[in-house]
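Engineer: What follows is a predicted structure for the sequence shown.
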Amino acid sequence: MPRAGQLLYPHGDTPSSAAHAGVLVGWRAGQPVSVAPHEPPFGELLLTGSDARHPHVLDWQCERPVALLKNVLRLTAPNAGFMTGPGTNSYLVGDAAAGFIAIDPGPDDMTHVARLWQAVRDAGGGHATIRAIVCTHSHPDHAPGAKPLQALCAQQGHTPPILGLPSASTADPRHTFHPDRALHDGERLQLTGAHGITHTLRAIFTPGHAANHVCLVLEEDALLFSGDHILNGSTTIVDPPDGDMSAYLDSLTKLDAACAHGGIDLALPAHGHVLADVRGVIARLTAHRLAREAKVLAALRADPQGNLDRWVTYAYGDTPSSAWDAAKRSLLAHVERLRKLGMV
């Protein structure tokens, strides 16, 4: 639950009480829309405290930051596509007094990077700074913007460190990432304002989608920044050798425990709207992966001499064939996991 005073519309219903109404009101294509709990934008409306008097705009755009709380801004990169959905979400956490931490500065797109920097300047009356840049992992839609953003900051007299986990040896050599400093599992990044520490981001190592994937918890507001580990509207690709299905499932369990311990109900993913009921989402993702794995196991036993092209027709017959090329990467991750478990 966000801190008192951080909601965009604190005079209306609180997020928890509004949820009991069954639907929340947003704004799309210039018109008010009702959003039910099972629909993707529900968590975002829950977080912002949107109501009929002050509806939150749900249309995707890349030109301006979207305020999710008074201390959390999202700017979506202009890289929408099959693998990225509406685009990569970059987040700014902080305020004018304490400065900001930038999460996932996105692809090597100077227009997007400049908009991120301008969002900080606008939020801080021209005086705020970025204190740190954190990349959840090394993929090309997340980390390449870090160096250009750092350079923009340096022009104003402050060079924030780029933080994250370095690429493992299994990473695609075309997309390696070398932070200025590696994070430690459980490390806290803190912003300090006039009255002491105001924002604390805690790192949680979550390998699986990538070997160097890390999620972040904004402790004061009980929010999870889930990177590509948990998405809204799709399941993430687990692409060997840098992706590992056993590690992915183990990391889901780790995130569930962190959410239970921290009372976390909302997740801010790298693609898509804010997610509600994050522990329920984790449970459904785990069940989905294991159900898919059962199909993969059945395919391997029915066609032991087959290959990915043949097995995908068994295991992913319920998905459009246009998605099979991507699905074969996660299928391979399941095959490798089953072989390590001695099941095939």
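Structural biologist: Okay, I see it.
Engineer: Any idea how far apart the tips of stretch 129-142 sit?
Structural biologist: The first and last residues of stretch 129-142 sit 21 Å apart, counting by Cα to Cα, to the nearest Å.
Engineer: What sits closest to G227 if chain neighbours are left out?
Structural biologist: Leaving aside its sequence neighbours, G227 sits nearest to T136 (Cβ to Cβ, 6 or more residues apart in numbering; 3.2 Å). In this view, the C-beta of every residue, glycine as well, is placed from N, C-alpha and C.
Engineer: Report the contact partners of the one you found.
Structural biologist: With contacts defined as Cβ atoms under 8 Å, 6 or more residues apart in numbering, T136 is in contact with I103, D104, H142, G164, H213, V214, C215, L216, F225, G227, D228, A270.
Engineer: Enumerate every residue touching the residue lying closest to the fifth one once chain neighbours are set aside.
Structural biologist: Nearest-residue entry for H213: H137, 4.3 Å, with adjacent residues in sequence omitted and distances by Cβ to Cβ, 6+ apart. For H137, the contacting residues are A143, G164, L165, F177, H209, A210, N212, H213, V214, G227, D228, by Cβ under 8 Å, 6+ apart.
Engineer: Highest neighbour count among those?
Structural biologist: In terms of neighbours by other Cβ atoms under 10 Å, the contacts of H137 top out with A210 at 33 neighbours.
Engineer: Can you pull the phi and psi angles for H56?
Structural biologist: phi -80, psi 130 (degrees, to the nearest 10).
Engineer: That one against R28, yeah?
Structural biologist: No - if you go by Cβ atoms under 8 Å, H56 and R28 don't touch, sitting 10.0 Å apart.
Engineer: ok, the two, which is more surrounded?
Structural biologist: Taking neighbours as other Cβ under 10 Å, H56 and R28 compare with H56 leading, 24 against 15.
Engineer: The spatially closest residue to G233 that is not a sequence neighbour and Y314, how far apart?
Structural biologist: In this structure, G233 finds its nearest non-sequential neighbour in G272, 4.7 Å apart by Cβ to Cβ, 6+ apart. Distance of G272 to Y314, computed by Cβ to Cβ, to the nearest Å: 29 Å.
Engineer: do Q31 as well
Structural biologist: 44 Å.
Engineer: which one of the two has more residues nearby?
Structural biologist: Applying other Cβ under 10 Å to Q31 and Y314 shows that Y314 carries more neighbours, namely 16 against 8.
Engineer: does the more buried one sit in a helix, a strand or a coil?
Structural biologist: Here Y314 is recorded as helix under DSSP: H, G, I helix; E, B strand; the rest coil.
Engineer: picking that back up, in terms of helix, strand or coil, where does the residue nearest to G227 fall?
Structural biologist: Of the three states, T136 takes coil according to three-state DSSP.
Engineer: Next: the one 4 residues further on.
Structural biologist: With three-state DSSP as the basis, the three-state label of P140 is coil.
Engineer: list the contacts for the nearest residue to it once chain neighbours are set aside?
Structural biologist: Excluding the flanking residues, the one nearest P140 by Cβ to Cβ, 6+ apart is H175, at 4.8 Å. By Cβ under 8 Å, 6+ apart, the contact list for H175 reads S138, H139, P140, A143, S167.
Engineer: any idea which helix or strand comes after the strand or helix carrying L224?
Structural biologist: Using DSSP states H and E, L224 sits within strand 223-227. With elements assigned by DSSP H and E, the helix or strand that comes after strand 223-227 is helix 245-262.
Engineer: That next one vs strand 223-227, what angle?
Structural biologist: Angle, helix 245-262 to strand 223-227, by axes from the mean of the first three to the mean of the last three Cα atoms, to 10 degrees: 170 degrees.
Engineer: elements contacting helix 245-262?
Structural biologist: When contacts are defined as 3 or more Cβ pairs under 8 Å, 6 or more residues apart in numbering; DSSP states H and E, helix 245-262 packs onto strand 196-205, strand 214-218, strand 223-227, helix 278-302, helix 324-340.
Engineer: Can you pull the domain assignment for this protein?
Structural biologist: If you go by automatic domain parsing, the domain ranges for the chain are 1-59, 60-276, 278-344.
Engineer: what's the spacing between the last one and its chain's center?
Structural biologist: Computed by Cα atoms, centre = their mean, to the nearest Å, the chain-centroid distance of domain 278-344 equals 23 Å.
Engineer: Where does pLDDT dip in the protein?
Structural biologist: Across the chain, the ranges flagged by pLDDT under 70 are 1, 3-5, 9-21, 52.
Engineer: For it, list the residue farthest from the centre, please.
Structural biologist: Largest separation from the mean C-alpha position in the chain: Q305, at 38.0 Å (Cα atoms, centre = their mean).
Engineer: how close does the residue nearest to P140 sit to N212?
Structural biologist: Separation of H175 from N212 (Cβ to Cβ): 11 Å.
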